[in-house]
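1. pasted the sequence and its predicted model underneath.
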Amino acid sequence: MIELASLRDLQEILELINRSNREAFQGIIPREHFREPILTLDGLLRDFSRMPFYVYRREGRVAGVAALRQEDTASGTIRWVYILPEQQRKGIGTALVTFVEEEARKVGLHRLRLRTVEKAHWAVSFYHKLGYRLAKRLEVPWGYDVILEKDLWESGQPGPTQG
């Protein structure tokens, strides 16, 4: 079940993001550049006040999280997409990203972007399967990060101001 996160979810979200980030990226990003934790409670509270967070609950616990940051009237960024390692490959990530895309459409966004580490082949492949395409490569000390994007309104499909 996916729902809007509340303040009571903060600690679970924080632990999920930090644990999942550590397990996914610690072997890719060199130690001198790896930030541990990736997110502090203050940082999460700041982001929580700027954008909606959505949680996927399984057996009453937060198993996945994603956030949607609206950048302008037409575009947004998907942030903080993390799934507990033991809950991966069960459709939670797909469900969360699809849900966030639908929320973006509801507020009239036409395009979503996200950023990930290029060497995280599983993440890049996951987003490609969901229709995200390479928009830009950014040089970072560990190689490249990639900006992936997806148009939410197919040509010929009614947009938020049509139909």
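-> Nice, thanks for sending it over.

2. can we go C-alpha only for contacts and neighbour counts from here?
-> Will do.

3. could you look up the SS state of the residue nearest to the spatial centre of the chain?
-> Most central residue of the chain, judged by C-alpha distance to the mean C-alpha position with C-alpha atoms, centre = their mean, is Val81 at 3.0 Å. Here Val81 is strand, with the state taken from DSSP: H, G, I helix; E, B strand; the rest coil.

4. list the residues that contact it.
-> With contacts taken as C-alpha atoms under 8 Å, 6 or more residues apart in numbering, Val81 has the following neighbours: 64-67, 93, 97.

5. contacts only, for Ile13.
-> 62, 65.

6. now do the helix or strand that contains it, average pLDDT.
-> With the criterion set as DSSP states H and E, the secondary-structure element containing Ile13 is helix 10-25. For helix 10-25, the mean pLDDT works out to 97.

7. next one: the very next helix or strand once past that helix to chain centre, how far?
-> Read in the C-terminal direction, the helix or strand following helix 10-25 is helix 41-50, with elements assigned using DSSP H and E. Shown here is helix 41-50, whose average C-alpha point lies 15 Å from the average C-alpha point of the whole chain (C-alpha atoms, centre = their mean, to the nearest Å).

8. equivalent analysis for stretch 56-68, please.
-> In terms of C-alpha atoms, centre = their mean, the gap separating the centre of stretch 56-68 from the centre of its chain is 12 Å.

9. His110: neighbour count?
-> The burial count assigned to His110 is 19, neighbours taken as other C-alpha atoms under 10 Å.

10. which residue ranges of this protein form helices?
-> For the chain, the helices identified by DSSP state H occupy 10-25, 41-50, 92-106, 121-129, in order along the chain.

11. any idea of the angle the shortest one forms with helix 10-25?
-> Here helix 121-129 points in a direction 110 degrees away from that of helix 10-25 (axes from the mean of the first three to the mean of the last three C-alpha atoms, to 10 degrees).
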